[in-house]
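Trainee: need coordinates for the following:
(chains A, B and C)
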Amino acid sequence: MIRRILAACLVFLTLALTAQAQDRTIQDVLQEHAEAIVKSSRTTIGPAIEAVANSGQPSAQTVLQKWQNKDMWQWSENGFFYAATVAGSDVTLTDFDTGETVAIVSKGDVTQLKPNSGIRAMIGAALVQFQLNDPDAERRREALLAIQRDGEASHLAPLRASIENEDNPEIKALKEVTERLLTISFDKDDARRIAAIKGFTSSLSLDARAALNPVLSAKLVYAEDLPETANIKREIKPGSEALSVRDAFALMVSAGAATAQPTISERKSALSEHIVDGKVGGIPVTELISQEARDHAYQALASEGFVAAFDPAFSMEAAVKGVRFAEVYDEPSAAVTDAAQETLHTINRAVGFNQFLDLSLDGLSLASIYFLAAIGLAITFGVMGVINMAHGEFIMMGAYTGYVVQQIIPDYTVSILVAIPMAFALTFAAGVAMERLIIRWLYNRPLETLLATFGVSIALQQIAKNIFGTQARPLTSPGWLDGALVFNDVLAISYIRIAIFVLALVFLGIFLFIMKKTRLGLETRAVTQNPRMAASMGINPDRVNMLTFGLGSGIAGVAGVAIGLYAKVTSEMGTDYIVQSFMTVVVGGVGNIWGTLLGALGIGFLQKGIEWFNPSNTLAAQTYMIIFIIIFIQFRPKGIIALKGRAAGD
Amino acid sequence: MEVKTKLKATLATALFASTAMASAAFAECPVKVGVLHSLSGTMAISETTLKDTMLMLIDEQNAKGGVLGCQIEAVVVDPASDWPLFAEKARELLTVHNVDVMFGNWTSVSRKSVLPVIEELNGLLFYPVQYEGEESSKNVFYTGAAPNQQAIPATDYFLDELGVEKFALLGTDYVYPRTTNNILESYLKSKGIAAEDIFVNYTPFGHSDWSKIVSDVVALGADGKKVGVISTINGDANIGFYKELAAAGISADDIPVVAFSVGEEELSGLDTSNLVGHLAAWNYFQSAESDLNAEFIAAWKAKMGEERVTNDPMEAHYIGFNMWVNAVEAAGSTDVDAVRTAMYGQEFPNLTGGTAVMNVNHHLSKPVLIGEIQADGQFDIISQTAEVPGDAWTDFLPESAVLMSDWKDLGCGMYNTETKTCVQIKSNY
Amino acid sequence: MDFLKKYPSLPAFIATLLIFTLAVTFLSEAYGTGAISTSFVKTLGKTLCLALVAISMDLVWGYTGILSLGHFAFFGLGGYMIGMWLMFARTKLIVVESMAAADIPATALEIKDAVGTQIFGVVGSSDFPLVWMFAHSFWAQIALVVLVPGLLALVFGWLAFRSRVTGVYLSILTQAMTLALSLYLFQNDSGLRGNNGLSGLQNLPGLDAVSQDAVSIWFFWASAFALLVTYLIANFVVSGKFGSVIRGIRDDEARVRFLGYSVEGFKLFVFVLTAIIAGIGGALYYPQAGIINPAEIAPIASIYLAVWVAIGGRGRIYGAVIGAGVVSLVSTYFTGGQAPNINLGFYTIKWVDWWQVLLGLSFVLVTLFAPKGIGGLFDLISGRLSPDRKGAPLGPDQGSLREEEAEQ
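Mentor: As a prediction, the model looks like this:
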């Protein structure tokens, strides 16, 4: 009886709704779901989005788009939802259905709806049906991306239908790929799915893997009572890496094939529940200071039937021995899983190769950063033999120069072009000043140079702190250096890193040119090999030393601009690079720029290599790299490329 | 009316005390407040802001007539980001300057350094920064967020609202990220996330080479699950991380990042236009719309300059200081034990709306906010919960699930509810 | 009399130290008038420990010519070793006490687990790593205070000296060692609580009843005594033939080698000895500081150590003591916020901000203009001025202090 009444009501309601739908506005739909819309939670919003999308109203698409872009506001006066534009503290409300301005109100009277990105993605998925055939190509692309992100079975049919009429070849290709991805996940027909899977052979696309891997999801089960039809991936012996004895036993327990023994803590709490007159199972509590004594007392309790039985001789190994365990695919069709397995195998091989290339690129990029940081040092330390602990602070000065220039010149491209020579000039001057005032007097006391320049280093650091504060300062790269050069979904490198790499090469070239082809280079080499002899040949060693030191410092300043662009600008950034730079120069071999290059490459690749072995702990990678360098220097104290003869200055 | 009589009574007692026994613990003018924040060294920038906040709050209170009829005098010392020095300076504040209360510390390790000293000398410390929990000292009031007031709600948001199925927990290698990530791992497992779907990585302080880690995170998406990043990366390292993220073109729609240590101050060192939509979870954002907040921001900008921003630990000090003032008034004394008893149940309005309550475990009840980064370096608040009481001992680690803290009735900060015993009264640092 | 001639500075040093110790004791809060606060007693006690490690630095740098930038690593290791025992023993007392209240007495394993949870709970673990093997035993950890820094120095020194790494290369290498060690300790996986380090070290196990006022004085005495013993040992080492050889190595290593001495052996001996002294200094320092963590070991700390010795005056042992004392106390004064600001009218110099700049510059100036450091002032007093050589070079290796030392 009740059921019949309900059915009648339902029919009536449906009729009423369809009848009403004719003169319903989108506002009514929104009002019906007002509570869910205002609450704005992904868990409850589903019906509201669906209702809007399926309302059949012409403005449904606009509503969804405005909503997605956080342009939908609620007016507190009537609780209605409007599209809104904000100008100052005034908000202009526009009706969705009529497109007319309803009112201009102050901000306090309206609330903006802020769908979170989860809801925005759902709205995006709902918008797909409107956008797949949108005249605007960009909209169609957005729809396809929304499908790739949150594909649904319901997208499959409209997507397939839209492929044929697609005239933009690029988007057509994208549609076809998306269609295959959806087919793998949602199609009912195995043959179609297998064909789609095969289409992704050796593909590097992340989405392909993201579609294939779920097909191959499998779980470990107790396999004694497995149905015949189960799609078994493999049988597993307990005690192997994939399945520990403990886990295997737990599977048996949860399948009801075995009973678990009480654990140590369960036994202990059972004991403490059965204390009678300071005794448990006849044993005084004070004697229960070892596990054996406790087990004994527990046995006594168990034999009296107070607690669950416990067998001290019980062994999990024995219990799981000879029992079948298996990994079973969630996907019932073996043909599909086989095809996916095969395709994924080809993909993994290609991905592995590309990952290796990507890691190499990372290593190369890190090496170029180390090289850039160390190249100034290769001049001051490598060629002149001066330990300059303030080298890191010259890098910092360069970076801050970049920051200051950017404050004055708002155009990022121009400001960088100005900042590089400015940084060079500033640190060149600082280097010259330091050479004249301090280092000149200490050429015969290298250890004291180390300490004096360290004094300069802490003073410069503190001065930077006093001027700029300790908070990091923004040094923003120009727009054309944003983003990354993407070869495929695995292999990519950011443009800024490429720029640093190029800059490192340029400086290598400049260094070689100055040292080998210019008068200054010749004089520098002469002075470093034998200052007195050089002086007697008419070279002014003081001047040469000053210029060389200035050059090394200037290059450090330019390196600072580059490093600031890719990482951060703080007063302490120099200390991050100083030890690394010394390592680079020492490992490579003092006095030879190629050695420094090799040193940087070696350290960069080594660090990335260690990171690859232990991806969860970057700190460990740095630690082991330094230990490795220490050991390396023990065996090759003069570095990779050792200078021979008297030039080594030993 | 009642307040007035109370005040009169206090004044009378004070008068009596000063004439009868000059050594009475209360109403010794001026009331001294120790400010224990690093003014130099690596933590200086974060902590200097808090020192200035304290000075501003004290000035405001003095303008209102101080406390117990006394002016408040700030005693500022500089522990110079040197952890052992924190202990030394705390001892100096308590024994040489005889301060009545201290506001200070930022890092957990500095707090652990100070703990033995204030417990030994029975001092009182208000700690304003979000931290890893697993601690409840008799002498510390924690006005920052415990994990269940920041990390857990943010993770819930990832699970429920963004539908994230695979998590990358990236952190700087120190105690806050380590403990928080441990709690989150165990929480995620309890929510049915498999162990292999949780990727954990630790980097050193100030780390700058993020390319490998970012590509590792992208690669996590290969098995078709939605990936989310929970970042406990600290300080400067965030800059390199977000720059790399932006360069790799990872939008918040593909891989959302929620950060627990990135606030308005940190974003001021960054161009945020490429980071729009990534998230942060705090108990306070500058963009919160309330009259109190507008007033607070205006006062701050008037004192420090237009370009300065406000942040979460500042609000923590704001609440903590005002609660302390009210507790002192209620206790009628600055005596540590009396003030502590008066603190329980103290209420004070949050800057974000609602009311903060001090619980008997020395943690606050505060709302949890989640904001999306905007292009102007501010946060758009997209989710705000009701007040969540701070939990000293997390429920998501087996060892601490059985522990609770109740200083009012049980008089114990580490009470084992299973064995019904107090594990320890003094902290074990 | 010969004895005094051999060690001219000894009576003055012993007398100064004795008077200083007694004065601090009688002005302390525990045993005297209370004019010196406990926190300042701790500062003074720590300064004595720093003087101790400065002596070891002076031996290795001022006398042997090895600019080691790693001696603070040994110092820190000593602190870690004693810290492990302090934490373990204190935690065990707490755990045993709390477990005694339970219905069923705890087993040894349960106590150990509970101690582990307490100590490592802060880094989200509860198991004892292997390095804590001996933490339960006071004497074993005391032995490790000497053994761990000693062994590390032995292995590192043997490798480095064997391959004839000298001069600035050795400095960089020792700095790398320090960096590697601190990075390693920063990792939570190292088993020493990562960045948090070991804390609460000032609370001695079983001595809860004794106030810190007394404990601080005890440690002050212990530090003073250790400084005295080290001073005697250092004087003994640098006098006599051994001292001559190591000074010879400093001034011209090759010549000493050609004379048939095992340069590496001598260097290694000094390196290991000073590492052990540094370790002992650390073991006394950190219970006074209360906390040790990897930041203490960072390379910059070891460079500061060299700074102290340089400012105090290299090549004389009391110089190291003076340098460490002066710089660390002045540093405390300036960073403590007590120093008055200087108002220049247009700009106010806040010492908190400018102290580092002053330190850095004074350091440059000392290196340039007063290579003998503060200790050089004593030469002025005793009239032992440098001979006026009319610009003639000092000898084969400039910068050495050979001539003065020849007089000793």
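
Trainee: list the contacts of residue C:94.
Mentor: Taking C-beta atoms under 8 Å, 6 or more residues apart in numbering or on different chains, we find residue C:94 in contact with B:423-424, B:426, B:428, C:118. No exception for glycine: its C-beta is placed from N, CA and C like everyone else's.

Trainee: hang on, I meant residue A:373
Mentor: Listed by C-beta under 8 Å, 6+ apart, the contact partners of residue A:373 are A:395, A:556, A:559, A:563, A:577, A:580-581, A:584.

Trainee: okay, those in TSV with secondary structure next?
Mentor: Shown next, in TSV, are these (DSSP: H, G, I helix; E, B strand; the rest coil):
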residue	secondary structure
A:395	helix
A:556	helix
A:559	helix
A:563	helix
A:577	helix
A:580	helix
A:581	helix
A:584	helix
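
Trainee: contacts with chain B among the residues you listed, please.
Mentor: Filtering the contacts of residue A:373 for neighbours of chain B using C-beta under 8 Å from any C-beta of the partner chain leaves residue A:563.

Trainee: for the contacts of residue A:373, which one is nearest residue A:313?
Mentor: Of all those, residue A:580 has the smallest distance to residue A:313: 59.1 Å, by C-beta to C-beta.

Trainee: helix or strand for the nearest residue to that closest one once chain neighbours are set aside, which one?
Mentor: Excluding the flanking residues, the one nearest residue A:580 by C-beta to C-beta, 6 or more residues apart in numbering or on different chains is residue A:370, at 6.0 Å. In the assignment (DSSP states H and E), residue A:370 maps to helix A:334-377.

Trainee: residue C:311 too?
Mentor: Going by DSSP H and E, residue C:311 is part of helix C:299-312.

Trainee: wait, does that helix make contact with chain A?
Mentor: Yes - contact of helix C:299-312 with chain A (C-beta under 8 Å from any C-beta) involves C:299-300, C:303, C:306-307, C:310.

Trainee: switch the contacts of residue A:373 over to CSV; also include neighbour count, distance to residue A:437 and pLDDT.
Mentor: Formatted as CSV, the contacts of residue A:373 follow (neighbours: other C-beta atoms under 10 Å in any protein chain shown; distance: C-beta to C-beta, whole Å; pLDDT from 0 to 100):
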residue, neighbour count, distance to residue A:437, pLDDT
A:395, 34, 20, 94
A:556, 37, 18, 93
A:559, 31, 23, 92
A:563, 27, 26, 90
A:577, 26, 24, 85
A:580, 23, 27, 82
A:581, 30, 23, 87
A:584, 31, 27, 88
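
Trainee: what's the closest of the contacts of residue A:373 to chain B?
Mentor: If you rank those by distance to chain B using C-beta to the nearest C-beta, residue A:563 comes first, at 8.0 Å.

Trainee: please verify my assumption that that closest one contacts residue A:369.
Mentor: Yes - the pair residue A:563 / residue A:369 is scored as a contact, 6.7 Å apart, by C-beta atoms under 8 Å.

Trainee: quick one, helices of the stretch 301-408 of chain C?
Mentor: Per DSSP state H, counting those that start in this stretch, the stretch 301-408 of chain C carries helices over the ranges C:317-335, C:351-369, C:376-382, C:402-407.

Trainee: mean neighbour count, these: which tops it?
Mentor: When those are scored by mean count of other C-beta atoms under 10 Å in any protein chain shown, the highest mean neighbour count falls to helix C:317-335 (a mean of 22).

Trainee: is that one positioned near chain B?
Mentor: Yes - part of helix C:317-335 sits near chain B under the criterion C-beta under 8 Å from any C-beta, namely residue C:335.

Trainee: output the contacting helices and strands for that helix.
Mentor: On a contact count with 3 or more C-beta pairs under 8 Å, 6 or more residues apart in numbering or on different chains; DSSP states H and E, helix C:317-335 meets helix C:38-57, helix C:212-238, helix C:299-312, helix C:351-369.

Trainee: so which bits of stretch A:31-49 are buried?
Mentor: Judged by neighbour count using 16 or more other C-beta atoms under 10 Å in any protein chain shown, the buried positions of stretch A:31-49 are A:32-34, A:36-37, A:40, A:42, A:45, A:48-49.

Trainee: and the end-to-end length of it?
Mentor: Stretch A:31-49 has an end-to-end distance of 12 Å (C-alpha to C-alpha, to the nearest Å).

Trainee: likewise stretch B:327-347?
Mentor: Terminal residues of stretch B:327-347 lie 10 Å apart, using C-alpha to C-alpha.

Trainee: could you export the helices of the stretch 301-408 of chain C as TSV, including distance to residue B:130 and mean pLDDT?
Mentor: Shown next, in TSV, are the helices of the stretch 301-408 of chain C (distance: least, C-beta to C-beta, whole Å; pLDDT from 0 to 100):
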stretch	distance to residue B:130	mean pLDDT
helix C:317-335	27	86
helix C:351-369	27	84
helix C:376-382	52	74
helix C:402-407	59	48
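
Trainee: same list (those) but as a markdown table, adding distance to residue B:203.
Mentor: What follows is the helices of the stretch 301-408 of chain C, written out as a markdown table (distance: least, C-beta to C-beta, whole Å):
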| stretch | distance to residue B:203 |
| --- | --- |
| helix C:317-335 | 30 |
| helix C:351-369 | 27 |
| helix C:376-382 | 46 |
| helix C:402-407 | 50 |
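
Trainee: shaky segments in the chain?
Mentor: Using chain A. Across chain A, the ranges flagged by pLDDT under 70 are A:1-23, A:643-650.

Trainee: my question was about chain B
Mentor: Applying pLDDT under 70 to chain B picks out residues B:1-27.
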